[in-house]
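Chemist: one predicted model, sequence on top.
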Amino acid sequence: MEKKIYLDNAATTRTRPEVVDAMLPYFTEKFGNPSSVYEFASQNKKAVDEARGTIAKALGADITEVYFTGGGTEADNWAIKATAEAYKAKGNHIITTKIEHHAVLHTCEYLEKNGYEVTYLDVDEYGIVKLDQLEKAIKPTTILITIMFANNEIGTIQPIKEIGEIAKRNKILFHTDAVQAFAQVDINVNDMGIDMLSASAHKLNGPKGIGFLYIKKGVKIRSLIHGGAQERQRRAGTENVPGVVGFGKAVEIAMATMEDRAKKEIELRDYLIKRVLAEVPYTRLNGDRVKRLPNNANFSFQFIEGESLLIMLDMNHICASSGSACTSGSLDPSHVLLAIGLPHEIAHGSLRLTLSEDNTVEEIDYTVEKIKEIVDKLRKMSPLYEDFTRKR
Amino acid sequence: MYTEKVMDHFSNPRNVGEIENASGVGTVGNAKCGDIMRMYLDIDETGVIQDVKFKTFGCGAAVATSSMATELVKGKTVEEALKITNKSVMEALDGLPPVKVHCSLLAEEAIHAALWDYAEKNNIKIEGLEKPKSDIHEEEETIEY
């Protein structure tokens, strides 16, 4: 099989041709600045608001509550830094988890250096936040709870509605990083008590460089990017019109196909998980078996290291990802895998495969065969495996 | 990210395996950092390294540096082998990415650990060989946000 097998859809997705088609006129023909007065340009304002409307509908939100950003990371930075500043008079305490994306974790660490106090909640062995710990962590000075909707590495989906209820009962703002979950699983911001939500287009077959932050009406939040009056004066900078239009189109398609897509992905994912666990010894599945994203599978193969596995998969034209330290340039393996209690050496040997509806059973079969071969080869080379077999 | 030579030694590593009753065996690194190297040396009575094998748990660079280190020591005398540094391993591989330099240190250390074991077993002192650290750990850089 010479064809590339792409199993890294949590990293990014292929931009759909329909999305590109929708974007193209906004580069060469309809290039006007939406803030301009003349008719030619003000049409673009309409295009931006149409996309905003599509996204608002997907969230069960009002169109005035969706603010476009330069991506998911900016949305996370904005939600956390700007509420911290706006609610400073009320308190300086933020609650998050140990398994957040670095866009949230590093923003919280930055705030800690600037006088804020942050509680990083533990998760259980499946990566789920413990609600009683969350309740106990709340103080009179708590101003924000930020907990991701679904984890990017192990795919675990958090009890968002319950967290929303706890936040509401304690009159604390609740932000969720939904970059992996938006348009993949059902989300209703009002039913779930979400005050702010971050998402990104390129995770759902949209273009890169465009995201949004949902901000519930009434939430006090400062601007992060200062300048012009765009985005209801909250996020300055000329709108990325082609990006916004592409995002709108991607959401429209993703919402219309969500049910069928999830069904197909879950079937394929479960087939993959079943085969790998049955056919590769000394392997575990990371994350919750049921409360997980439809397209996510994350394994740890004992006695081997993830980067070696990734390179060998790449030689076989399979694109995947790992929680190994070596892929990140640090010596520590994935903070998520450590937080669910994996020892370092097992966390180093992890593999994330994230599917799309385009993947086929044949691709999964080929991938499983290659994983078996490669894991076997690497174990034969591993001093840890040698020690293990000698002890037996 | 890796040179052709690194990729070559990673995909077709030389001298993988074990040596029964080896003259010296050295294991360095730790699982916490994700790199463990074990080197086996077969040294004859004249002090020449006749055979060498390795096993490595680690990334592409760790496998490639171990493989290259085994090629460099094979046929050398103990004294010559002692002169092989992480730099010579890196040069032989046409370089490593900066974050992977510690892998080449590990390879140098693995040679030293195996030689140390050989010296201890034979009750000899190898001039210039110091007891290797069992654990290689580079100081992590602190990142400012």
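Modeler: Yep, that arrived.
Chemist: please make it C-alpha for all contacts and neighbour counts, starting now.
Modeler: Will do.
Chemist: all helices of chain B, in order?
Modeler: Residue ranges of the helices in chain B, as given by DSSP state H, are B:4-11, B:60-73, B:78-82, B:86-92, B:101-121.
Chemist: can you lay out those helices as TSV showing mean neighbour count and distance to chain A?
Modeler: Below are these laid out as TSV (neighbours: other C-alpha atoms under 10 Å in any protein chain shown; distance: least, C-alpha to the nearest C-alpha, whole Å):
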stretch	mean neighbour count	distance to chain A
helix B:4-11	18	8
helix B:60-73	27	5
helix B:78-82	18	22
helix B:86-92	18	18
helix B:101-121	24	10
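Chemist: does stretch A:94-105 reach chain B?
Modeler: No: taking C-alpha under 8 Å from any C-alpha of the partner chain as the criterion, stretch A:94-105 and chain B are apart, separated by no less than 11.1 Å.
Chemist: reformat the helices of chain B as a markdown table; add distance to A:Phe174.
Modeler: Below are those laid out as a markdown table (distance: least, C-alpha to C-alpha, whole Å):
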| stretch | distance to A:Phe174 |
| --- | --- |
| helix B:4-11 | 47 |
| helix B:60-73 | 42 |
| helix B:78-82 | 60 |
| helix B:86-92 | 50 |
| helix B:101-121 | 43 |
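Chemist: now those helices in CSV, with mean pLDDT?
Modeler: Formatted as CSV, those follow (pLDDT from 0 to 100):
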stretch, mean pLDDT
helix B:4-11, 96
helix B:60-73, 96
helix B:78-82, 96
helix B:86-92, 95
helix B:101-121, 94
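Chemist: closest one to A:Ile163 among the ones you listed?
Modeler: The closest of these to A:Ile163 is helix B:60-73. By C-alpha to C-alpha, the value is 41.9 Å.
Chemist: which residues touch that closest one?
Modeler: Under the contact criterion C-alpha atoms under 8 Å, 6 or more residues apart in numbering or on different chains, helix B:60-73 has outside partners A:307-308, A:311, B:2, B:6-10, B:13-16, B:35, B:37, B:49, B:52-54, B:56-57, B:80-81, B:84, B:89-90, B:92-93, B:96, B:100, B:103-104, B:106-108, B:111.
Chemist: circling back to that earlier point, ok, which of the helices of chain B comes nearest A:His93?
Modeler: Checking those against A:His93 by C-alpha to C-alpha gives helix B:101-121 as the closest, at 39.1 Å.
Chemist: chain center to stretch A:193-202: distance?
Modeler: Here stretch A:193-202 is found 10 Å from its chain centre; the criterion is C-alpha atoms, centre = their mean, to the nearest Å.
Chemist: contact partners of it?
Modeler: By C-alpha under 8 Å, 6+ apart, stretch A:193-202 touches A:12-15, A:71-72, A:75-76, A:79, A:161, A:164-165, A:167-168, A:173-180, A:182, A:189, A:207-216, A:219, A:247, A:250-251.
Chemist: count the neighbours of the one residue in the stretch 1-150 of chain A that gets nearest to chain B for me.
Modeler: Of all residues in the stretch 1-150 of chain A, the one sitting closest to chain B is A:Tyr110 (6.0 Å; C-alpha to the nearest C-alpha). Using other C-alpha atoms under 10 Å in any protein chain shown, A:Tyr110 has 15 other residues around it.
Chemist: with A:Leu131 instead?
Modeler: Around A:Leu131 there are 15 residues (other C-alpha under 10 Å).
Chemist: what's near enough to touch it?
Modeler: Counting by C-alpha under 8 Å, 6+ apart, A:Leu131 makes contact with A:Glu162, A:Ile163.
Chemist: about what we covered before: which of the contacts of stretch A:193-202 are buried?
Modeler: Buried by 16 or more other C-alpha atoms under 10 Å in any protein chain shown: A:12-13, A:15, A:71-72, A:75-76, A:79, A:161, A:164-165, A:167, A:173-180, A:182, A:189, A:207-216, A:247, A:250-251, out of the contacts of stretch A:193-202.
Chemist: now do the residue of the stretch 151-300 of chain A found nearest chain B, the pLDDT please.
Modeler: In the stretch 151-300 of chain A, the residue that lies nearest chain B is A:Ser300 (13.5 Å; C-alpha to the nearest C-alpha). With respect to pLDDT, A:Ser300 scores 97.
Chemist: quick one: it is in a strand?
Modeler: Yes: under DSSP: H, G, I helix; E, B strand; the rest coil, A:Ser300 falls within a strand.
Chemist: ok, it touching A:Asn286?
Modeler: Yes: counting by C-alpha atoms under 8 Å, A:Asn286 is a contact partner of A:Ser300 at 7.0 Å.
Chemist: just give the closest residue to A:Ile346, not the sequence neighbours.
Modeler: Sequence neighbours aside, A:Gln302 is the residue nearest to A:Ile346 in space, at 5.6 Å (criterion: C-alpha to C-alpha, 6 or more residues apart in numbering or on different chains).
Chemist: can you report how many residues neighbour the one you found?
Modeler: Counted with other C-alpha under 10 Å, residues neighbouring A:Gln302 total 20.
Chemist: please apply the same query to A:Arg269.
Modeler: For A:Arg269, the tally of surrounding residues (other C-alpha under 10 Å) stands at 23.
Chemist: identify the residues contacting the residue nearest the centre of chain B.
Modeler: Centroid-nearest residue in chain B: B:Ala107, 2.5 Å away (criterion: C-alpha atoms, centre = their mean). Applying C-alpha under 8 Å, 6+ apart, one finds that B:Ala107 lies in contact with B:Met37, B:Ala62, B:Thr65, B:Ser66, B:Ala69, B:Asn86, B:Val89.
Chemist: grab the nearest non-local neighbour of the residue of the stretch 151-300 of chain A closest to chain B.
Modeler: Of all residues not flanking A:Ser300 in the chain, A:Ser350 sits nearest, at 4.1 Å (C-alpha to C-alpha, 6+ apart).
Chemist: hang on, the one you found packs against A:Glu305?
Modeler: Yes: the pair A:Ser350 / A:Glu305 is scored as a contact, 7.4 Å apart, by C-alpha under 8 Å.
Chemist: neighbour count: the two, which is higher?
Modeler: Taking other C-alpha under 10 Å, A:Ser350 and A:Glu305 do not tie; A:Glu305 has more neighbours (34 against 29).
Chemist: not counting its neighbours along the chain, what's nearest that one?
Modeler: Excluding its sequence neighbours, the residue lying closest to A:Glu305 (C-alpha to C-alpha, 6+ apart) is A:Gly349, at 4.3 Å.
Chemist: tell me the pLDDT at the one you found?
Modeler: pLDDT at A:Gly349 comes out at 93.
Chemist: next, count neighbours for it.
Modeler: A:Gly349 is flanked by 29 other residues according to other C-alpha under 10 Å.
Chemist: list the contacts for it?
Modeler: A:Ser300, A:Phe301, A:Gln302, A:Phe303, A:Ile304, A:Glu305, A:Gly306, A:Ser322, A:Gly323, A:Ser324.
Chemist: identify each buried residue in the helix or strand hosting A:Lys274, please.
Modeler: Remark: A:Lys274 resides in helix A:241-279, with elements defined by DSSP states H and E. The neighbour-count check on helix A:241-279 (16+ other C-alpha under 10 Å) flags A:241-255, A:258, A:261-262, A:264-266, A:268-270, A:272-273, A:276 as buried.
Chemist: what do you get for stretch B:44-51?
Modeler: B:Val48, B:Ile49, B:Asp51.
Chemist: so in chain A, where's the weakest helix or strand by average pLDDT?
Modeler: In chain A, no helix or strand scores lower on mean pLDDT, DSSP states H and E than helix A:344-347, which sits at a mean of 90.
Chemist: what comes into contact with the following helix or strand past that helix?
Modeler: Downstream of helix A:344-347, the next assigned helix or strand under DSSP H and E is strand A:350-354. Applying C-alpha under 8 Å, 6+ apart, the external contacts of strand A:350-354 come out as A:7-10, A:153-154, A:295-301, A:305-306, A:310, A:320-324.
Chemist: filter the residues you listed down to the buried ones, PyMOL style.
Modeler: Buried residues within the contacts of strand A:350-354, by 16+ other C-alpha under 10 Å, are selected in PyMOL with:
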select buried, chain A and resi 7+8+9+10+153+154+295+296+297+298+299+300+301+305+306+310+320+321+322+323+324
